[in-house]
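>>> When you get a sec, could you give me coordinates for this:
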Amino acid sequence: MNHAPEVSADVDLDRPQWVKSIPFLLVHAVALAAPFLVPPTWRLAGLALAVYSACMFGITAGFHRYFSHRAFRTSRAFQLVLALLGTLSVQKGVLWWAAHHRDHHRYSDGEKDVHSPVQRGFWWSHVGWILSARHDRTRADRVKDLARYPELVFLDRFGMLVPAVFALALLAAGGLPALLWGFFVPVVVAWHVTFSINSVAHVLGSRRYPTADDSRNNPILALLTFGEGWHNNHHFYASTANQGWFWWELDLSYLALRALSAAGLVWDLRTPPPHVRAGRLPAPIRSEKDRTAGGEVGVEHAL
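Next comes the predicted model:
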């Protein structure tokens, strides 16, 4: 499952890999140039919003709540749909994403956290850790429950295949305007909105629950990320399909999951019991290893 080549021990593993990151930088350049190359129209803005929504749901409901935390159940076929939607956002492979996120919860804001702004600052937590060599490798030992599915392993190994096919389809269907506004713009926006949960949501916002990290509830990020901004809720009890726990906490991904549940495509949506929402947890869950409540634990709900 080690998809990346071994890096020499004398290399600074935390240094940005600028040459390897050229495609990442070029995508940003194209997205920034899009309004000048093709001025936006309502139709193109609608296309961008639709693709952004698909990417965001794939990351939030798929890569995060399902694959990382197993917060609900679904069929193997719809599991693949969630993986495809998440892969569309070009945030590396599904196994890579879930493995690193489980480590984030295990060590949240501690020295071993892969992207803590408390430990390493804004740049590292937002994007530096992704550009470095240290976290290139997929940690197969963290996602044994997912690695038993050959289709997920394939998507993790060939993570660029789905975005490339989608981009070519947009180009064929709508030319340069569709490619720019249906791929480059929404993907880059989705990147930085997602990254902001790692960087901003551990610095700015309110803390309802006394977690062992600095996670915050941030309503602006919650709106942009379809519910992920209720981050303090999530770090207090991570295995829930909803991250907005009260009626005023808008969680668009959970509303979509409720609709999918009504249609029979997903089921067993976990929600926080009353004692959790009231701020009481059983003592064992307070330990550093188990506080994920659905990261390293909870994988018994695999298909």
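>>> Low-confidence regions, the chain specifically.
1-11, 282-303 (pLDDT under 70).
>>> Centroid-nearest residue for it?
I59 (4.3 Å; CA atoms, centre = their mean).
>>> sec struct for I130, please.
helix (DSSP: H, G, I helix; E, B strand; the rest coil).
>>> How many residues are close by it?
21 (other CB atoms under 10 Å). For every residue, glycine as well, the C-beta is placed using N, CA and C.
>>> May I see the buried residues of the helix or strand harbouring C55?
Under the criterion of DSSP states H and E, C55 resides in helix 42-57. Buried positions in helix 42-57, judged by neighbour count with 16 or more other CB atoms under 10 Å: L44, L47, A48, V51, Y52, S53, A54, C55, M56, F57.
>>> With stretch 180-193 instead?
180-191, 193.
>>> now stretch 117-128
P117, Q119, R120, W124, S125, H126, V127, G128.
>>> Tell me which entries of those lie within helices.
Residues of the buried residues of stretch 117-128 located in helices (DSSP state H): P117, Q119, R120.
>>> I'd like the residues you listed written out as CSV, with distance to A173 added.
Output for these, formatted as CSV (distance: CB to CB, whole Å):
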residue, distance to A173
P117, 40
Q119, 45
R120, 42
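>>> that older thread, what helices and strands are in contact with the helix or strand that comes right after the helix holding C55?
Sequence-wise, the next helix or strand downstream of helix 42-57 (DSSP H and E) is strand 73-74. Other helices and strands packing on strand 73-74, by 3 or more CB pairs under 8 Å, 6 or more residues apart in numbering; DSSP states H and E, are strand 266-267.
>>> Parallel or antiparallel, which strands does the strand it packs on pair with?
Strand 266-267 has the following sheet partners, assigned by DSSP bridges: strand 73-74 (antiparallel).
>>> Could you pull out the buried residues of whatever helix or strand comes next after the strand it pairs with?
Once the chain leaves strand 73-74, the next helix or strand it forms, by DSSP H and E, is helix 76-88. Buried residues in helix 76-88, counted by 16+ other CB under 10 Å: F78, Q79, L80, L82, A83, L84, L85, G86, T87, L88.
>>> what about helix 76-88, distance to the chain center?
Averaging C-alpha positions (CA atoms, centre = their mean, to the nearest Å) puts helix 76-88 13 Å from its chain's average.
>>> any idea of the angle the helix or strand just after it forms with helix 76-88?
On the C-terminal side of helix 76-88, the nearest following helix or strand under DSSP H and E is helix 94-106. Helix 94-106 and helix 76-88 are oriented at 80 degrees to each other (axes from the mean of the first three to the mean of the last three CA atoms, to 10 degrees).
>>> for helix 94-106, packing partners?
Judged by 3+ CB pairs under 8 Å, 6+ apart, helix 94-106 is in contact with helix 76-88, helix 144-147, helix 150-157.
>>> rerun that using 6 Å as the cut-off
Packed against helix 94-106 by the contact rule (3 or more CB pairs under 6 Å, 6 or more residues apart in numbering; DSSP states H and E) you find helix 150-157.
>>> And the contacts of the helix or strand following the helix it packs on?
Following helix 150-157 in sequence order, the next helix or strand is helix 161-179 (DSSP H and E). Judged by CB atoms under 6 Å, 6 or more residues apart in numbering, the contacts made with helix 161-179 from elsewhere in the structure are V38, L44, L84, T87, L88, V90, G182, F183.
>>> Just give the closest residue to the last one, not the sequence neighbours.
Counting by CB to CB, 6 or more residues apart in numbering, A167 is the residue found nearest to F183 once chain neighbours are left out, at 4.7 Å.
>>> Distance of that neighbour relative to I220?
Taking CB to CB, to the nearest Å as the measure, A167 and I220 are separated by 30 Å.
>>> Those two: which has the busier surroundings?
Comparing A167 with I220 by other CB under 10 Å, the one with more neighbours is A167, at 19 against 12.
>>> How much space separates that one from S21?
A167 sits 19 Å away from S21, going by CB to CB.
>>> Same question for F72.
In terms of CB to CB, F72 sits 34 Å off from S21.
>>> Look at the two and report which has more neighbours.
F72 (23 against 14).
>>> What residues does the more buried one make contact with?
A241, V266, D268, L269 are the contacts of F72 under CB under 6 Å, 6+ apart.
>>> follow-up on the earlier one: distance check, the residue nearest to F183 against G182.
According to CB to CB, A167 stands 8 Å off from G182.
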